[in-house]
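Visitor: build me a model:
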Amino acid sequence: MTVELIQGLLLAFALVVILMPSYIRLLRAAGMGKRIRAEGPEAHLAKGGTPTMGGLLVILVVIGLFYLLRGFPQRAIIAPLATLLLVGGLGAVDDFLNARTGEGIRARHKMLWLVVVAAVVAFQIQATYSIDEVAVPFIGAVGIAPWIFVVFAAFAIIASSNGVNLTDGLDGLAGGTLIFAFVAFLLIALLNVVPQPDGTLGNQPNLAFLCALIVGALLGFLWFNVHPAQIFMGDSGSLALGATLAVIALISGQILVLPLIGLVFVIETASDIIQIGVYKITKGRRVFKMAPLHHHFELSGWDEEKITLRFWIVGILAGLLGVTLFLASIDQLQ
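Guide: Below is the predicted model of the structure:
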């Protein structure tokens, strides 16, 4: 199994690296240059015109390789692949409209689609695994009503999707932190022993393989996305990969470990919520120079590369702590 994971990862990396130059030229020819918001950091204005929608190639490579190497997806792995496709499609349309008109899909319309997809995927997970309990670190399995699980799962998918989307604001930032998060869940899928759809117990090799493909494709994307970026991930990647991360956490039964593994996304989201909340309550005061948090550090004089690398370090440590917490919980239950 380990050999298959490495092969899948390397193949995904190689395919993205080979295809990306032509894909970038295609995006340039189609006028898919990123429009930079005037209210953003002034240094970002120089990035205007950089091709966006890079996440779409990542998604297509992952789904295509999974089908070629594993065949038509089994019921147990449909949810994350469907999430990649459905949310990625939403993000691609948003990227297209943003590049052409400067205005993407309206926020309420985007949220409506996310809610619909998240609800359907949450219901599919519940129907597939008949989930009636949630793993709580150091406590064990805690019972949960099926309908409450569906609501909670849908919320987790939406929150994770938007958290990664908010993080995607500097070259390499979202791509790198996503890699560390998916590596953590790759390890969890390999070490986890959970009820299978057929009622037996076992680990989750297909889930681990999907994580390996995503990691490989993201590494290939990062080759072109590190500063100065030749291409941006766009909503097609950040929304879809964030949602898929939550789906994988739900299927692995470790959704409560996700906030730790995805600590960078949690911090970025919290900074944005705090900034907006304080601004509205105090009628104009701000906690940060700009939100999300990476922009605050940027306006404080940190170099973009320094911010990205330090957030990567936090992502690595958070992933290690998340896997450690998962292992400690298993040991306690045995």
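
Visitor: in this protein, what secondary structure element scores lowest on mean pLDDT?
Guide: strand 201-202 (a mean of 56; mean pLDDT, DSSP states H and E).

Visitor: retrieve the pLDDT associated with the residue nearest to the spatial centre of the chain.
Guide: Centroid-nearest residue in the chain: Gly242, 2.4 Å away (criterion: CA atoms, centre = their mean). As predicted, Gly242 sits at a pLDDT of 98.

Visitor: counting by contacts, list what the helix or strand where it lies packs against.
Guide: Secondary-structure assignment from DSSP states H and E places Gly242 in helix 234-252. Other helices and strands packing on helix 234-252, by 3 or more CB pairs under 8 Å, 6 or more residues apart in numbering; DSSP states H and E, are helix 54-70, helix 78-101, helix 107-129, helix 146-167, helix 173-191, helix 205-225, helix 258-261. No exception for glycine: its C-beta is placed from N, CA and C like everyone else's.

Visitor: could you pull up the residues touching the residue nearest to the centre of the chain?
Guide: By CB atoms under 8 Å, 6 or more residues apart in numbering, the residues touching Gly242 are Ser160, Ser161, Asn162, Gly163, Val164, Asn165, Leu178, Phe265.

Visitor: which of these sit farthest apart?
Guide: Largest separation among the contacts of Gly242 by CB to CB: Asn162 and Leu178, giving 14.1 Å.

Visitor: more neighbours: which of those two?
Guide: Neighbours per residue (other CB atoms under 10 Å) separate Asn162 from Leu178, with Leu178 holding more: 30 against 21.

Visitor: where does the stretch 1-150 of the chain dip in pLDDT?
Guide: Along the stretch 1-150 of the chain, the model assigns pLDDT under 70 to residues 1, 38-40.

Visitor: go again using 80 as the cut-off
Guide: 1, 35-46, 72-73, 75, 101-104, 138-140 (pLDDT under 80).

Visitor: quick check: closest non-adjacent residue to the residue nearest to the centre of the chain.
Guide: Val164 (3.0 Å; CB to CB, 6 or more residues apart in numbering).

Visitor: go on, Val226?
Guide: Counting by CB to CB, 6+ apart, the nearest residue to Val226 once its immediate chain neighbours are dropped is Gly172, at 4.4 Å.

Visitor: quick check: that neighbour vs Leu27, distance?
Guide: Distance of Gly172 to Leu27, computed by CB to CB, to the nearest Å: 18 Å.

Visitor: Trp312 now?
Guide: Counting by CB to CB - Trp312 and Leu27 are separated by 26 Å.

Visitor: so for those two, which residue has more residues nearby?
Guide: Leu27 (24 against 18).

Visitor: what angle do the helix or strand that one falls within and helix 78-101 make?
Guide: Assessed by DSSP H and E, Leu27 sits inside helix 2-29. Per axes from the mean of the first three to the mean of the last three CA atoms, to 10 degrees, the angle that helix 2-29 makes with helix 78-101 is 20 degrees.
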